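Q: below are the sequence and a predicted model for it; my questions follow.
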Amino acid sequence: MSSSGDELLTAVRLHGRVPAHIAVIMDGNGRWAQARDLPRPAGHQAGMAAVREIVEGGLHAGVEILTLFAFSQENWQRPPEEIDALMSLLEEYIARESDELKAQAVRVRILGEIERLSPAARTAVDRLMAETAEGTALTLNLCISYGARSEITRAARLVAEEVAAGRRLPAEVTEEVLAANLYTAGLPDPDLLIRTSGELRLSNFLLWQLAYAEFYVTPVLWPDFTRVHLFEAIRDYQNRERRFGRVLV
Ligand code: FPP
C-alpha cells in the first residue's frame, strides 16, 4: 500500500466512526474500456480487480458489510454478448476468489433474482454462498439481477400473502415487517453510498435502505477505484454530521 494509503488508513481507524455498511454503485466500466479502445467486457474484467481492492480495503478499515451493485434488472437489456461476458465473469470471479474469500472470513450473499441466472452461474453462486456462510469478518452482498422497486414489490407481496392467509393483521404491517422481507433482512441500512464515474443518480438501487445514507460521488471510473479511494470516501463520511431528520443540540 502507498504511504498515503497507510496514512489515510491510520486516520480512518483513529477516527473510530467507520461506516458499518457501505453500498457501492460500481459505474464506469464501459467508459474505462472505451477510453482505451477496448471492448466493453474488458472494462468489466478490469472492474473485477477493483472488487478485490474494495474487499481488501473494507477488511483493513473494519467495514462490516459491503453491498455492491454488480448487475441490475435493466442490464438484461444490454447486448447478449455483454450479458454473456458478465455472467462468465461472475463464474470466473467465484472460481478465482472463493478460496481467498473463505480464508479472509468473508461471507458472500447474492441479492436479487438469482433464478434468472444461467444454470452454471446459479450453481457457482449457490456453492459460494454455502461455502462462505460462516464468515464473520465481512459480509459481501453482490446485487445481481437486482432492482429496488421490484425488491420492495416482492416484499409487499410476501407480506400480503401472510395477511391473506390470516397469519398477520393489516394493522400489524409495520416498517420493520416490510424490511424483514427485503433481500437485506437482518442487516443494518447502509451508512454510506459510494457512486463512481460521477453520475448523480440512484439507478433503482436500495431505494428503501438508503433513506438516511450519506452519499459520496467520485469521478473515478470503477476499474480505477482502489482501496485508497475507499479510505478517502470514509474520511469524507467521518467529517459529516448525521442528523436523521433531527436537530442536533
Ligand atoms: C457499470 O458500468 C458496471 C456494470 C454494469 C457491471 C459491474 C461489474 C463488475 C464491476 C465486474 C464484475 C463483478 C463481479 C463481482 C463478478 P457500465 O458498463 O454501466 O459503465 P458505463 O456507464 O461507463 O458504460
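A: That came through, no problem.

Q: contacts for stretch 169-181, please.
A: For stretch 169-181, contacts defined as CB atoms under 8 Å, 6 or more residues apart in numbering pick out I152, R154, A155, A156, L158, V159, V163, R168, A185, G186, W208. All C-beta spots, glycine's among them, are computed from the backbone N, C-alpha and C.

Q: OK, contacts around the residue of the chain found nearest the ligand?
A: Checking the chain residue by residue against the ligand with CB to the nearest ligand atom singles out G30 as nearest, at 2.4 Å. For G30, the contacting residues are R40, G43, taking CB under 8 Å, 6+ apart as the criterion.

Q: 10 Å instead, please
A: P39, R40, P41, A42, G43, H44, G47, R78, E82, S197, L221, W222 (CB atoms under 10 Å, 6 or more residues apart in numbering).

Q: re the thing from before, show me which of the contacts of stretch 169-181 is closest to A105.
A: G186 (18.2 Å; CB to CB).

Q: tell me which residues touch that closest one, please.
A: Remark: with contacts taken as CB under 10 Å, 6+ apart, G186 is in contact with T139, A179, A180.

Q: can you check P219 too?
A: Applying CB under 10 Å, 6+ apart, the residues contacting P219 are G28, T196, S197, G198, E199.

Q: of those, buried ones?
A: G28, T196, S197 (16 or more other CB atoms under 10 Å).

Q: can you report phi and psi for the residue nearest to the last one when sequence neighbours are not counted?
A: What it means is S197. Here the nearest residue to S197 in space, its sequence neighbours aside, is G28; by CB to CB, 6 or more residues apart in numbering that works out to 3.0 Å. G28 has phi and psi values of phi 110, psi 10 when expressed as degrees, to the nearest 10.

Q: hmm, back to that, could I get the contacts of G30 as JSON lines with distance to the ligand?
A: JSON lines is the format used below for these (distance: CB to the nearest ligand atom, whole Å):
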{"residue": "P39", "distance to the ligand": "11"}
{"residue": "R40", "distance to the ligand": "6"}
{"residue": "P41", "distance to the ligand": "9"}
{"residue": "A42", "distance to the ligand": "11"}
{"residue": "G43", "distance to the ligand": "6"}
{"residue": "H44", "distance to the ligand": "5"}
{"residue": "G47", "distance to the ligand": "3"}
{"residue": "R78", "distance to the ligand": "8"}
{"residue": "E82", "distance to the ligand": "8"}
{"residue": "S197", "distance to the ligand": "6"}
{"residue": "L221", "distance to the ligand": "7"}
{"residue": "W222", "distance to the ligand": "6"}
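
Q: tell me the buried residues within those.
A: Applying 16+ other CB under 10 Å to the contacts of G30, the neighbour count classes R40, P41, A42, G43, H44, G47, S197, L221, W222 as buried.

Q: from L169, how far off is the third one?
A: In other words, A42. The span separating A42 from L169 equals 54 Å under the rule CB to CB, to the nearest Å.

Q: again with the fourth one
A: Distance, G43 to L169, using CB to CB: 50 Å.

Q: for this structure, just list every one of the strands.
A: Secondary structure of the chain, counting by DSSP state E: strands at 21-25, 65-72, 106-111, 138-146, 192-195, 214-217.

Q: quick one, the longest helix anywhere in the chain and strand 65-72 angle?
A: For the chain, the longest helix by residue count, based on DSSP state H, is helix 80-103. Taking axes from the mean of the first three to the mean of the last three CA atoms, to 10 degrees, one finds that helix 80-103 is oriented at 160 degrees with respect to strand 65-72.

Q: returning to that earlier point: any chance of the contacts of G30 in a markdown table, plus pLDDT and distance to E115?
A: Shown next, in a markdown table, are the contacts of G30 (pLDDT from 0 to 100; distance: CB to CB, whole Å):
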| residue | pLDDT | distance to E115 |
| --- | --- | --- |
| P39 | 95 | 29 |
| R40 | 94 | 26 |
| P41 | 93 | 24 |
| A42 | 96 | 29 |
| G43 | 97 | 27 |
| H44 | 95 | 22 |
| G47 | 97 | 24 |
| R78 | 92 | 19 |
| E82 | 90 | 21 |
| S197 | 98 | 30 |
| L221 | 98 | 31 |
| W222 | 98 | 27 |
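
Q: right, I'll leave it there.
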